[in-house]
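Visitor: Sharing a sequence plus its predicted fold:
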Amino acid sequence: MYAQHTRSHCAIIQHSIKQLPGLALQVLRIPPLIIGLQVPSMTTLMMLTTWEVVWKTQDEAFMPAQGVQLGPLFRMFHPHLTDLTRSTGRKCDVHGNDIDQNAPPPPRTEASPTDWTPYESRVAFEAAEFLYTRNQMDLYETINLTPLGDVTWETFSMSYNGYDMWFRDPRLLVHHMLSNSDFATETEYDVIAEDLETHGSTFVPLIIGSDKTMVSVATGHTEYHPLYLSIRNIFNGVRRAHRNGVVLVGFLAIPKSTKEHLEDKDFRNFCRQMFHSSLAKIFDSVKPNMTVPDIVHCPDSHFRRVIYGLGPYIADYPEQLVLSGVVQNWCPKCLNHRKNLEGDGPSLLWCREHTDLLVQELQHAHLWYEYGIVQEVVDHLVDWVEEYLLLTHRASRTAEIMDDIDRRIAAVAPFAGLRRFPEGRGFKQWTGDDSKALMKVYLPAIKGHVPRDVVRAFSAFLDFCYIVRRDTITEDDLDQLQDALNHFHQYREIFKTTGVVQGFSFPHQHSLNHYSLMIRLYGAPNGLCSSITESKHIKAVKEPWRHSSRYKALGQMLLTNQRLDKIAAARSDFEARGMLRGSCISDALQALRNPDIIDGPTVQAHVELAATPVLGGARDVSALARDLELPNFPTMIQQFLHDQLHIATTSPPILTLRQHQLSWAGFSVFSSAAASFYAPSDLSGTGGMWREHIRATTSWRGGPARNDCIFVSMNDEVNCGLDGLAIARVLRFLGFKYQTKYLRCAVVHWFAYITDSRDPDTGMYLVAPSSNNDGTPDISIIHIDCIFRAAHLVPLYGANFLPREIGPHDSYNVFHAFYINKYADHHSFKVA
């Protein structure tokens, strides 16, 4: 099992760094993604000594039985790493001297639990936090006086037009991150085992990421190049929840030139050299402590000696090329020639010694054209579909088909967290997030308009991407990953045979070949992907820019980020001293941040009705029967009560409807319910928990009705295609009191599986609305405890064109068969 982080033994990292001749970076990307990439002309600081992976306990090595899921209580260890009995970095005092490892931690602060300095009271602090976090309102004087979380901005300039670089000391940022008491149960202290000079120190690999982002198109393409930092020791959930587990280090300069000189060799060289020189300058402060321990105050309040190292670098493909010194269209991971990237066999990987030798012996032109070395330092598939249609149809017919694909995409029913595409793909400013969102609904939209092999190629590619994002990857998962890759390579051949492409030597697709090995070497990549930096842009760049005056905005943005960090550090300190317990403004603030992200420990999945019922909703059986157009609704209620009250009785008494009516109070109608469940691969809280809302309302946002679909957990006696999960559509959520019990239930319309197996083209199950023998809809009442979570269904469109008047609110009403969309989110992929 290859997991990034678990809550058990800590991995022991062999440490053999003697010197640091220059910055050494490992490149990581997703998708396409490379884990722990050894880039040419750079030193790799952390490498495992073998490809073989086994499990270790404190006593013996063992391998789990095939298919056995050991869960989060186990950790992968490397077979050649030593000192397994000492699996965490040793505790020390503030001067670095060893202490009793069982001694309690010293107090985090000498401040009293009533000291709100520099704020007057709890209300003053939470008001400042609420107002500034939400709107960056003018509370500068008080926030500036906050002593915690204060890492000032520094600057340096580069020649060639004098570009300014702003940054904060990464060593101090790591100190603040490691001292954050919020991470006390979310941090591991990986110990260095064999280096005598640093024996017992905690290894802290730095995770670095950078990604350009545009904040304005209308005002002249204003863009920034932020640089972010995290550490390998905190759990993935902390990074995804953005509880200051990912911090802004600085803003890299974006070189400008006229169109005449954009392709000039000297200008391109300057861009690369400025990028590398900027990183070297920014991270210069951590360089001494890559060999000499630094004393750090940790989240558990103990002090530890730490050694820093450079871990993965999160970057998209163009930035990987700049980082690794590799030419466009070459693979920055292996030695395959740029014209031979379509093979799926093993490849020789780059290493520094080989690159240095090539640079020493060969001329620049030979390096560039034969090895792709610079001496000085999803969208393919979607485009191919349109090109295929143009090759096989006349232009006007292709336009008609593309319009229909857009209408199909726009007609998909709404779903929690699913982006809407009211115009299909026909809008400007297409981003990476747009592409990922489109892929969730694209597959059913093209089926019927393209050959089966095209659909199967998409399905295999999506399966690969979703498997890679799992939080824990087992040997079975790696087998599935390889199967998906093999199928993708098999079915993509249709694009070659039809003349869409001449070959598949594309670095993005070629990189898929490296995933399996990199996962075996470095663990599951979940939690380390470009989505971390992309989502961080909102709080670190875009919102501060919007609240600036737009004139020389960068300086204002720097101060905004510094103040936000001060507020976050103050909150962490006040919480550690027990000063923020109970309800106050903080509860409202937490709800405003993201009400669907649940911070805290992992708990059992559950469903809750909305806090308040619908005003003026039907309150008796007869009114509900009329509202739902169900004449037999009283009988359905009677059957529901019979099942709930006598669930463990073999011969329950049979009561008449009149007898039941004497014991229940009026009904309350609810417009939604919230399902909470463990979804660590999606945007979740620190414990991996996520909350989604299931809607059943007569009017959604002032428009037509919305009635979502759900997964229902069935007992073992019911045969369902998805391991005991049935599909139903919620018509109403109800609550009522019966005798001394308050019962919460849902009126649902059942769906039936069309076949027992998945559709061979899309890989998804097909369902259809179920009917009784007399042709009436199969409707019943279930307890909400039977609901697992929301399900997303996409129509089986067939080969017919979709009428223009069909909208998303019609999706579940006018079609007769549906795919269970396993690509709606990563948790859906796991269960569906």
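Guide: Arrived safely, thanks for sending.

Visitor: looking at it, residue 674 is touching residue 693, isn't it?
Guide: Yes - taking contacts as C-beta atoms under 8 Å, residue 674 lies within contact range of residue 693: 5.4 Å. In short, each C-beta sits where N, CA and C put it, glycine included.

Visitor: So residue 112: helix, strand or coil?
Guide: Following DSSP: H, G, I helix; E, B strand; the rest coil, residue 112 is assigned to coil.

Visitor: and if you look at residue 608?
Guide: Note that with three-state DSSP, the state of residue 608 is strand.

Visitor: Over to residue 167?
Guide: Following three-state DSSP, residue 167 is assigned to strand.

Visitor: Just grab the bridge partners of it for me.
Guide: Residue 167 has these beta-bridge partners by DSSP bridges: residue 154, residue 250.

Visitor: what's near enough to touch it?
Guide: 153, 154, 155, 156, 227, 249, 250, 251, 281, 282 (C-beta atoms under 8 Å, 6 or more residues apart in numbering).

Visitor: least confident pick among those?
Guide: In terms of pLDDT, the weakest of the contacts of residue 167 is residue 156, which scores 84.

Visitor: For the closest residue to that residue other than its chain neighbours, which residues are in contact?
Guide: For residue 156, ignoring the flanking residues on the chain, the nearest one in space by C-beta to C-beta, 6 or more residues apart in numbering is residue 165 at 5.5 Å. Neighbour list for residue 165: 155, 156, 157, 158, 250, 251, 252, 253, 278, 281, 282 [criterion: C-beta under 8 Å, 6+ apart].

Visitor: any idea of the pLDDT on residue 165?
Guide: 86.

Visitor: tell me the strands in the stretch 251-400 of the chain, going along the chain?
Guide: For the stretch 251-400 of the chain, strands defined by DSSP state E, counting those that start in this stretch occupy the ranges 294-297, 303-314.

Visitor: burial measure for residue 668, as a count.
Guide: By the measure other C-beta atoms under 10 Å, the count of residues near residue 668 is 20.

Visitor: And for residue 207?
Guide: Here the number of neighbours of residue 207 (other C-beta under 10 Å) works out to 24.

Visitor: one step back: between the contacts of residue 165, which is closest to residue 265?
Guide: Taking C-beta to C-beta as the measure, residue 265 lies nearest residue 158 of these, at 18.5 Å.

Visitor: That closest one reaches residue 280, doesn't it?
Guide: No - Residue 158 is beyond contact range of residue 280, at 11.8 Å (criterion: C-beta under 8 Å).

Visitor: which one of those two has more residues nearby?
Guide: Per other C-beta under 10 Å, whichever of residue 158 and residue 280 has more neighbours is residue 158, with 17 against 12.

Visitor: Next one: residue 321 relative to residue 252, how far apart?
Guide: To residue 252, residue 321 is 16 Å away according to C-beta to C-beta, to the nearest Å.

Visitor: what's the answer for residue 328, then?
Guide: 20 Å.

Visitor: Which of these two has more residues huddled nearby?
Guide: Neighbour totals were compared for residue 328 and residue 252, and residue 252 leads with 21 against 11 (other C-beta under 10 Å).

Visitor: And the pLDDT for that one?
Guide: 88.

Visitor: could you measure the residue nearest to it when sequence neighbours are not counted against residue 166, distance?
Guide: Excluding the flanking residues, the one nearest residue 252 by C-beta to C-beta, 6+ apart is residue 225, at 4.2 Å. In this view, residue 225 and residue 166 are 11 Å apart by C-beta to C-beta.

Visitor: who touches both of these two?
Guide: Residues touching both residue 225 and residue 166 by C-beta under 8 Å, 6+ apart: residue 251.

Visitor: Contact partners for residue 274?
Guide: Counting by C-beta under 8 Å, 6+ apart, residue 274 touches 158, 160, 163, 253, 255.

Visitor: What subset of these is buried?
Guide: Among the contacts of residue 274, those buried by neighbour count (16 or more other C-beta atoms under 10 Å) are 158, 163, 253, 255.

Visitor: now the second one: how far from residue 735?
Guide: Distance check for residue 163 against residue 735: by C-beta to C-beta, it reads 62 Å.

Visitor: sorry, back to before: so of the contacts of residue 274, which ones are in helices?
Guide: Of these, none are assigned to helices by DSSP state H.

Visitor: And the furthest pair within those?
Guide: 160 and 253 (10.0 Å).

Visitor: For residue 752, which three-state class applies?
Guide: Relying on three-state DSSP, one would call residue 752 strand.

Visitor: again but with residue 563, I slipped
Guide: Three-state assignment for residue 563 (three-state DSSP): helix.

Visitor: Quick one: neighbours of residue 94, just the number.
Guide: Residues contacting residue 94 under the criterion other C-beta under 10 Å number 9.

Visitor: That one is in contact with residue 295, isn't it?
Guide: Yes - the pair residue 94 and residue 295 passes the contact test of C-beta under 8 Å, sitting 6.4 Å apart.

Visitor: who touches both of these two?
Guide: The contact lists of residue 94 and residue 295 share residue 303, where a contact means C-beta under 8 Å, 6+ apart.

Visitor: residues contacting residue 172?
Guide: Under the criterion of C-beta under 8 Å, 6+ apart, the neighbours of residue 172 are 151, 285.

Visitor: Quick check: it vs residue 116, distance?
Guide: Residue 172 is 24 Å from residue 116, by C-beta to C-beta.

Visitor: Tell me both backbone torsions, phi and psi, for residue 332.
Guide: Phi and psi for residue 332, reported as degrees, to the nearest 10, are phi -80, psi 10.

Visitor: That one contacts residue 320, correct?
Guide: Yes - contact between residue 332 and residue 320 holds when scored by C-beta under 8 Å: they sit 4.9 Å apart.

Visitor: any idea how far the host helix or strand of residue 566 is from the chain center?
Guide: Under the criterion of DSSP states H and E, residue 566 resides in helix 553-576. Here helix 553-576 is found 24 Å from its chain centre; the criterion is C-alpha atoms, centre = their mean, to the nearest Å.

Visitor: ditto for stretch 752-763
Guide: Taking C-alpha atoms, centre = their mean, one finds stretch 752-763 lying 28 Å from the centre of the chain it belongs to.

Visitor: can you offset everything so residue one is 29?
Guide: Right, with 29 as the first residue, what we last looked at is stretch 780-791.

Visitor: Now that stretch: buried residues?
Guide: So stretch 780-791, judged by 16+ other C-beta under 10 Å, has buried residues 781, 786, 787, 789, 790, 791.
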